[in-house]
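Student: Structure, please.
(one chain, ligands or ions: 1)
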Amino acid sequence: TTLFLTYGVTNRKNPLTQKKRKKANPLAINVFIVNFANRLNIINNKNNKTVTETKYIFVTGGVVSSLGKGIISSSIGKLLQARGYNITIQKFDPYINIDPGTLNPYEHGECYVTVDGMETDLDLGHYERFTGIQTTKANSLTTGRIYKAVIDKERRGDYLGKTIQVVPHITNEIKRNIKLLGEKNHYDFVITEIGGTIGDIESAPYLEAIRQMKWELGKNAVCVHLTYVPYLKAAGELKTKPTQHSVKELQSVGIQPDILVLRTEKHLGDGILKKVASFCNVDFDCVVQSEDLPSIYEVPVNMQNQGLDSAILKKMGIEPGETPALGPWKSFLERRQKATEEVHIGLVGKYDLQDAYKSIRESLSQAGTYNDHKTVITFINSEKLTEENVAEKLQGMDGIMICPGFGQRGTEGKIVAAHYTRTHDIPTFGICLGMQMIVVEFARNVLGYEDANSRELDEKTEHNVIDIMEDQKNITDLGGTMRLGAYECVLKQGSRAFEIYKKEHIQERHRHRYEFNNSFEQEYERAGMKCVGRNPESDLVEIVEIPGLKWYIGTQFHPEYSSTVLNPHPLFLDFVKTAIACKKGKK
Ligand code: GLN
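Tutor: Have a look, this model is predicted:
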């Protein structure tokens, strides 16, 4: 007897084929398995079409900025993924810049880069770290990009003589970009985070687009609104009024939030949650609180415990069913809580701002957990580093990270740090400009070229060990024109990098204009700095290392963009592991 197993939901094709098969073999038994838990996924993945339409979750913020909308959006994504849904997360930034690539990190923190080479807001880093998805250009939009698309269409004459207005042309372009993402990859859920705060002039077109989409899509669109409940010390009270006002502001533009997430530093009792629910027209089980937690990675669990994901599903008319276990995520958290022994990493950079090196900090912190240690990061301002004070400033560090960056400021300090760590054999990791400074230091102090530098920092130097690429020379527009996104790199067998990655072909993301100058390669190789990773097409050097030292590696690419909670990056894991070993050796 033959047993045919087929699965799906309302797929008619399979039973028909089974009928045919049964004709040929009368003994065949047909079994049609319906997997309801994963139903959307099966339809999407096996038959490449959506039976159920894509659903849209909008995340907005009120009262103040920096509430962590990105973390909440990522947590919602994570929780829906755990239920078997295919999700993506998108960010709209209401500023006029086309992308944040030209922004000073002091403005919005680090610039994150997607595999397809989009320079984006750092929230996309959270999306990837939490969910393991890979975002693309379509996941990051700004008002600048929306307007540019509309204006380009107008210049082409696509609007056939119409007057172009914020409503409907800009709002339609916003809606088109939201829906396009959902339709393109047949996602079950598209989570769209709107940057900024409700009430900002810049946010108005986005809110109008959300209002329209909620109206058009009914249950298939919900709005999660994040607000802040301050604690007034003098009064000894938690205040909900700002939340009420923020919701009123949303209601005044025609949006009734479905879910409220209240950010708070103190625990909110049921009384407060009930008050907010009744004053804001929101169901009681749709008001959750997001208290400050020791780690952002605890947020998804906290949200799940309060039923945020099931509240969203119920609002959308989906029976939530059983709560998924979040096994590997919880194991990571447990390991993190147990890891109390410290490893100290110094970040040598020029931006004294937490968010400026966000992905590097997160990657180091994840690597600490996987090595059962707590990574303690100390920022070391490279502008203030000199030959005289370097020993003192780097004291107590088990490893040194030389950070990426642009421009002259602080680069001499990075070279001083690279010199000190190379000559004192302290584990050192240079990323992008950090790698370039490692290369320059070696040229100055080992190859004997005192004036060695990067062409970016000294246009006239004869020893331009880091140089500008031919195809970059005539570029006048600075935005979006660097070497951006993922490129292939082939590792040299027998190198430390190869040993760490355990494979020959890797893909890593780039964001730079300058490159190792291959005409100096022989000299470097002879003197002990090896070029161990290169791009197979362009022959550009992507990784340098000094084999004799404990850990001295520079990467032209940015490995920090692809380290996630459940898939930490091997270079960070090995760097932190070596730093821990060195620390133990010192004792
Ligand atoms: N400024 C350097 C370049 O453009 C390095 C950039 C970076 O560190 N991301 O090549």
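Student: Any residues of the protein in contact with the ligand? List them.
Tutor: Pro404, Gly405, Phe406, Cys432, Leu433, Glu456, Arg511, His512, Arg513, Tyr514 (CB under 6 Å from any ligand atom). Using the backbone N, CA and C atoms, a C-beta is placed for each residue, glycine as well.
Student: Can you tell me which of those residues are classed as buried?
Tutor: Pro404, Gly405, Phe406, Cys432, Leu433, Glu456, Arg511, His512, Arg513, Tyr514 (16 or more other CB atoms under 10 Å).
Student: Find the residue closest to the fifth one in space, skipping its chain neighbours.
Tutor: This points to Leu433. Gly405 (4.5 Å; CB to CB, 6 or more residues apart in numbering).
Student: List the contacts of the one you found.
Tutor: Counting by CB atoms under 8 Å, 6 or more residues apart in numbering, Gly405 makes contact with Gly349, Lys350, Tyr351, Thr411, Lys414, Cys432, Leu433, Gly434.
Student: circling back: counting only helices, which of the residues of the chain next to the ligand make the cut?
Tutor: Residues of these located in helices (DSSP state H): Leu433.
Student: could I get the residues of the chain next to the ligand as a markdown table with pLDDT?
Tutor: Output for the residues of the chain next to the ligand, formatted as a markdown table (pLDDT from 0 to 100):
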| residue | pLDDT |
| --- | --- |
| Pro404 | 97 |
| Gly405 | 95 |
| Phe406 | 94 |
| Cys432 | 97 |
| Leu433 | 97 |
| Glu456 | 93 |
| Arg511 | 96 |
| His512 | 95 |
| Arg513 | 93 |
| Tyr514 | 95 |
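Student: how about the residues of the chain next to the ligand, which pair is most distant?
Tutor: Farthest pair in the residues of the chain next to the ligand (CB to CB) is Glu456 and Arg511. Separation: 13.6 Å.
Student: didn't Thr386 look like it was pressed against Ile415?
Tutor: No. Here Thr386 lies out of contact with Ile415, judged by CB atoms under 8 Å, at a distance of 10.9 Å.
Student: Looking at these two, which is more packed in?
Tutor: Ile415 (24 against 11; other CB atoms under 10 Å).
Student: The ligand versus that one, what's the distance?
Tutor: 14 Å (CB to the nearest ligand atom, to the nearest Å).
Student: dump the residue contacts of that residue.
Tutor: Applying CB under 8 Å, 6+ apart, the residues near Ile415 are Met437, Val440, Glu441, Arg444.
Student: follow-up on the earlier one: selecting buried members of the contacts of Gly405 in PyMOL, what would you type?
Tutor: To isolate the buried ones among these in PyMOL, judged by 16+ other CB under 10 Å, type:
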select buried, resi 349+350+351+411+414+432+433+434
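Student: any idea of the pLDDT on the residue sitting nearest the centre point of the chain?
Tutor: Closest residue to the average C-alpha location of the chain: Gly125 at 0.9 Å, with CA atoms, centre = their mean. According to the per-residue confidence, Gly125 scores 97 in pLDDT.
Student: one step back: what about the contacts of Ile415, which one has the most neighbours?
Tutor: That'd be Met437 among the contacts of Ile415, by other CB under 10 Å, with 31 neighbours.
Student: so that residue sits in a helix?
Tutor: Yes. Judged by DSSP: H, G, I helix; E, B strand; the rest coil, Met437 forms part of a helix.
Student: tell me the secondary structure for the residue lying closest to it once chain neighbours are set aside?
Tutor: Of all residues not flanking Met437 in the chain, Lys414 sits nearest, at 4.1 Å (CB to CB, 6+ apart). The three-state assignment at Lys414 reads helix, by three-state DSSP.
Student: Next, the contact list for Lys414, please.
Tutor: Val348, Gly349, Ser382, Leu385, Ile402, Cys403, Gly405, Leu433, Gly434, Met437.
Student: swap the cut-off to 10 Å and go again
Tutor: 348-350, 380, 382-383, 385, 402-403, 405, 430, 433-434, 436-438, 440-441 (CB atoms under 10 Å, 6 or more residues apart in numbering).
Student: For it, give me the pLDDT.
Tutor: 98.
Student: any idea how far Gln408 is from it?
Tutor: 11 Å (CB to CB, to the nearest Å).
Student: can you list residues touching both of those two?
Tutor: With CB under 10 Å, 6+ apart as the test, Lys414 and Gln408 both reach Lys350.
Student: count of residues packed around His505?
Tutor: 10.
Student: And Gly317, by the same measure?
Tutor: Gly317: 10 neighbours (other CB under 10 Å).
Student: I'd like the distance between it and Thr564.
Tutor: Separation of Gly317 from Thr564 (CB to CB): 32 Å.
Student: Any chance of the backbone angles for the closest residue to the ligand within the stretch 151-300 of the chain?
Tutor: Residue of the stretch 151-300 of the chain nearest the ligand, by CB to the nearest ligand atom: Gly195 (22.9 Å). Gly195 has phi and psi values of phi -70, psi 170 when expressed as degrees, to the nearest 10.
Student: Now do the strands in the stretch 251-400 of the chain.
Tutor: Applying DSSP state E, counting those that start in this stretch to the stretch 251-400 of the chain gives strands spanning 259-264, 287-291, 342-349, 374-381, 399-402.
Student: okay, the first one in PDB with CA atoms only?
Tutor: As requested, C-alpha coordinates have been extracted for strand 259-264 and formatted as PDB (Å, rounded to 0.1, in the frame of the first residue of the first chain):
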ATOM      1  CA  ILE A 259      -2.500  48.400  21.900                       C
ATOM      2  CA  LEU A 260      -0.700  50.600  24.400                       C
ATOM      3  CA  VAL A 261       2.800  49.800  25.600                       C
ATOM      4  CA  LEU A 262       3.600  52.000  28.600                       C
ATOM      5  CA  ARG A 263       7.300  52.600  29.200                       C
ATOM      6  CA  THR A 264       8.100  53.100  32.900                       C
END
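Student: orientation of that strand relative to strand 287-291 in degrees?
Tutor: 30 degrees (axes from the mean of the first three to the mean of the last three CA atoms, to 10 degrees).
Student: Can you give the strand pairings for strand 259-264, parallel or anti for each?
Tutor: strand 221-228 (parallel), strand 287-291 (parallel) (DSSP bridges).
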